[in-house]
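K.L.:
Sharing a sequence plus its predicted fold:
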Amino acid sequence: MRFKLLAAALLATAPVLVFAKPLTVCTESSPDGFDVVQFNSLVTTNASADVVFNSLVNYDEAAKKVVPALADKWEVSADGLTYTFHLRPNVQFQTTDYFKPTRPLDADDVVFTFSRMLDDSNPWHKVTGASGFPHAQSMGLPKLIKAVTKVDPNTVKFELNEPNATFVSILTMGFASIYSAEYADQLDKAGKQTDLNAKPIGTGPFVLKSYTKDAVIRYDVNPTYWGPKPKIDRLIYAITPDATVRAQKVKAGECQIALSPKPQDLADAKGDKNLKIVQTPAFMTAFVALNTEKKPLDNPKVRQALNMAFDRTTYLKTVFDNTATPATNPYPPNTWSYDKAIQAYPYDVARAKKLLAEAGVPNGFETTIWVRPNGSVLNPNPKAGAELLQADFAKIGVKADVKVIEWGELIKQAKQGQHDTLFMGWAGDNGDPDNYLSPLFSCNAVKSGINFARFCNPQLDKLIADGKATPDQAKRAKAYEAAQKIIHDQALWIPLGYPTATAITRTNVSGYHVSPFGRQNFATVTVQ
């Protein structure tokens, strides 16, 4: 008896060993690739920049400010034209069976990363798809950045052609991920440049292990990661386009996190003691882009008529189950410079018909509505939403054909301006209004393809540029308020809603936070 009591006491005081476990995340769709600079979809950013790569700086969502990442400090010259970044020492690039770095991260890697995007004489500049470098182009970086130079192995200097209040925050975006110049040289010599998109090498917390399109992405933990080591031993993206199936998988324990659930799936999850809902107001806007290069959509009265024909209340109830708030302006109302004086177009079928008559199309016209097949946080039920819009258009004599197009192909063709009307959404990368205005409404963004309204207006372009040229937030706000008025009066979009970013997790998952920007950080997640 004494022996048994002693053994029990020893067991009671023994430490509990906690082993790292794999984390499986049910995601919405396949990434376009892993060379993040080529693409602008959030799904690609989540699969590449958020796990494999790092940027010079990050955006701290809680503190609402830019914080160090690969650069541990930086200085800005008094005239706002020179930014000097000091790199964190001894950061290692990932080692795989196809690449073994011989040196840590240094200034050459930063120079290569930006030279590739900015210098058309760089041999890597043409190693992209048809879209080129959409973010760099739409943000106007080739014109903004005069030079990127190596000061010493751990110091890089950016010289600008003009002051830009958004410059450091731009560098938090996924496309500003830092690449290995040494790896690029290896691929170039082997004639395998396209491997940069299939076999990425970064400094991030996870290393890409394998990818099967439309099925699964597997990552291992990076053993040489410079930051806190992830608390899981593997990361798996189970690509699951159907939101209801994602919800079923997390309920069955086949994945521990399900992204972008439908509102009705959330209601079911609330009653399950093994599940929890994680959510936050999103820095996102869902909208229908109206292609101003297509007739009769080139007429603002036609675009205004389509806005007035749209029953936003029914749309938000049906598609979002009222989990999104009605949208009026390009970015959410909790953003500084949001113009509260601008009122949404009213739902007014009679007025819409009158506007069409004034525009010379009293009997309506034929058009197309482009939509993705699978739901996302910005469009939980694409089919239902497209059919509602189609029915609303029919009330004013506009016959719309709904075209359901696979996400990758939809983005590719939309960037080329082939659409008429297009269900789309935008997730900002930081809290700056320019994170919407430059990529979505500038003339540079028409060239890069992300300006889905295809609207290049000198007055609007100048307001966007003026807003970036001064650090004075009051002056910036004034420029952005004027920009919002042009965007509204020209009716470039049918604004839909400002959604809530949500995920369903198992209760044994801790350390996971939903980002208002749609970014993913799995390095802090623990699976009990």
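P.N.:
Structure received.
K.L.:
Where does pLDDT dip in the protein?
P.N.:
For the chain, the stretches with pLDDT under 70 are 1-19, 129-131.
K.L.:
Can you check which helix is longest in it?
P.N.:
When the chain is parsed with DSSP state H, its longest helix is helix 473-489.
K.L.:
Can you point out the buried residues in the helix or strand following that one?
P.N.:
Using DSSP states H and E, the next helix or strand after helix 473-489 towards the C-terminus is strand 493-498. By neighbour count on 16 or more other Cβ atoms under 10 Å, the buried set for strand 493-498 is 493-498. (Each C-beta comes from the backbone N, C-alpha and C, glycine too.)
K.L.:
Which residues does the helix or strand where V319 lies contact?
P.N.:
Element membership for V319, per DSSP H and E: helix 312-320. If you take Cβ atoms under 8 Å, 6 or more residues apart in numbering as the criterion, helix 312-320 is touched by 263, 322, 324-326, 344, 347, 379-381, 384-385, 388-389, 496-497, 499.
K.L.:
Please indicate which of those residues are buried?
P.N.:
Among those, those scoring as buried are 263, 324, 347, 379-381, 385, 388-389, 496-497, 499 (criterion: 16+ other Cβ under 10 Å).
K.L.:
now these as JSON lines including distance to Y237?
P.N.:
Converted to JSON lines, the buried ones among the contacts of helix 312-320 look like this (distance: Cβ to Cβ, whole Å):
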{"residue": "P263", "distance to Y237": "23"}
{"residue": "A324", "distance to Y237": "25"}
{"residue": "Y347", "distance to Y237": "40"}
{"residue": "N379", "distance to Y237": "20"}
{"residue": "P380", "distance to Y237": "20"}
{"residue": "N381", "distance to Y237": "23"}
{"residue": "G385", "distance to Y237": "26"}
{"residue": "L388", "distance to Y237": "31"}
{"residue": "L389", "distance to Y237": "31"}
{"residue": "L496", "distance to Y237": "27"}
{"residue": "G497", "distance to Y237": "27"}
{"residue": "P499", "distance to Y237": "22"}
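K.L.:
quick one: which of those is nearest M284?
P.N.:
M284 lies nearest to P499 out of those, by Cβ to Cβ, at 5.7 Å.
K.L.:
contacting residues around the longest helix of the chain?
P.N.:
165, 300, 328-330, 336-339, 342, 433-434, 437, 441, 457, 459-460, 463-464, 466-468, 470, 493.
K.L.:
Kindly recompute the last result at 6 Å.
P.N.:
329, 337, 339, 342, 433, 437, 460, 463-464, 466-467 (Cβ atoms under 6 Å, 6 or more residues apart in numbering).
K.L.:
Just the buried positions in that helix, please.
P.N.:
Using 16+ other Cβ under 10 Å as the test for burial, helix 473-489 gives 476-477, 479-485, 487-488.
K.L.:
And for stretch 445-455?
P.N.:
For stretch 445-455, burial by neighbour count (16+ other Cβ under 10 Å) applies to 445-446, 448-455.
K.L.:
Among these, name the ones in strands.
P.N.:
Secondary structure assignment by DSSP state E places none of those in strands.
K.L.:
from those residues, which single one is nearest V527?
P.N.:
I450 (36.4 Å).
K.L.:
ok, A252 to I504 distance?
P.N.:
Distance, A252 to I504, by Cβ to Cβ, to the nearest Å: 12 Å.
K.L.:
One more: M173?
P.N.:
M173 sits 27 Å away from I504, going by Cβ to Cβ.
K.L.:
can you check I464 too?
P.N.:
Distance, I464 to I504, by Cβ to Cβ: 38 Å.
K.L.:
Of the two, which one has the most company?
P.N.:
Taking neighbours as other Cβ atoms under 10 Å, I464 and I504 compare with I504 leading, 29 against 26.
K.L.:
Give me the distance from the helix or strand containing the more buried one to the chain's centre.
P.N.:
Using DSSP H and E, I504 maps to strand 500-506. Taking Cα atoms, centre = their mean, to the nearest Å, the mean C-alpha location of strand 500-506 is offset from the chain mean by 17 Å.
K.L.:
Tell me the one among the buried ones among the contacts of helix 312-320 nearest to H86.
P.N.:
Among the buried ones among the contacts of helix 312-320, and counting by Cβ to Cβ, the member closest to H86 is P499, at 38.4 Å.
K.L.:
That closest one is in contact with A282, isn't it?
P.N.:
Yes: assessed by Cβ atoms under 6 Å, P499 is found in contact with A282 at 5.1 Å.
K.L.:
Pull up the overlap in contacts between those two.
P.N.:
Counting by Cβ under 6 Å, 6+ apart, nothing touches both P499 and A282.
K.L.:
now, which of the buried ones among the contacts of helix 312-320 sits nearest V525?
P.N.:
Using Cβ to Cβ, P499 comes nearest to V525 of these, at 22.8 Å.
K.L.:
what's near enough to touch that closest one?
P.N.:
With the criterion set at Cβ under 6 Å, 6+ apart, P499 makes contact with 282, 284, 324, 377.
K.L.:
give the contact list for the last one.
P.N.:
Listed by Cβ under 6 Å, 6+ apart, the contact set of V377 reads 260, 499, 501.
K.L.:
again, but for E182
P.N.:
Counting by Cβ under 6 Å, 6+ apart, E182 has contacts P101.
K.L.:
Which parts of the stretch 51-200 of the chain are strands?
P.N.:
Under the criterion DSSP state E, counting those that start in this stretch, the stretch 51-200 of the chain carries strands at the ranges 57-60, 65-68, 71-76, 82-87, 145-152, 155-160.
K.L.:
Serialize these to CSV and add fields for distance to N197 and mean neighbour count.
P.N.:
CSV is the format used below for these (distance: least, Cβ to Cβ, whole Å; neighbours: other Cβ atoms under 10 Å):
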stretch, distance to N197, mean neighbour count
strand 57-60, 24, 20
strand 65-68, 28, 14
strand 71-76, 25, 15
strand 82-87, 25, 20
strand 145-152, 23, 15
strand 155-160, 25, 20
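K.L.:
Columns distance to Q193 on top of those, output as CSV?
P.N.:
Converted to CSV, the strands of the stretch 51-200 of the chain look like this (distance: least, Cβ to Cβ, whole Å):
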stretch, distance to Q193
strand 57-60, 28
strand 65-68, 31
strand 71-76, 27
strand 82-87, 26
strand 145-152, 21
strand 155-160, 24
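K.L.:
out of these, which comes closest to A47?
P.N.:
From the strands of the stretch 51-200 of the chain, taking Cβ to Cβ, the stretch that ends up closest is strand 57-60, at 18.0 Å.
K.L.:
Give me the contacts around stretch 516-524.
P.N.:
Residues outside stretch 516-524 that contact it (Cβ under 6 Å, 6+ apart) are 42, 46, 50, 205, 230, 235, 280, 282-283, 427-429, 501, 511.
K.L.:
Restricted to helices, list these.
P.N.:
Judged by DSSP H, helices contain the following of those: 42, 46.
K.L.:
And the contacts of stretch 516-524, which of them are buried?
P.N.:
Neighbour-count burial (16+ other Cβ under 10 Å) is assigned, among these, to 42, 46, 50, 205, 230, 235, 282-283, 427-429, 501.
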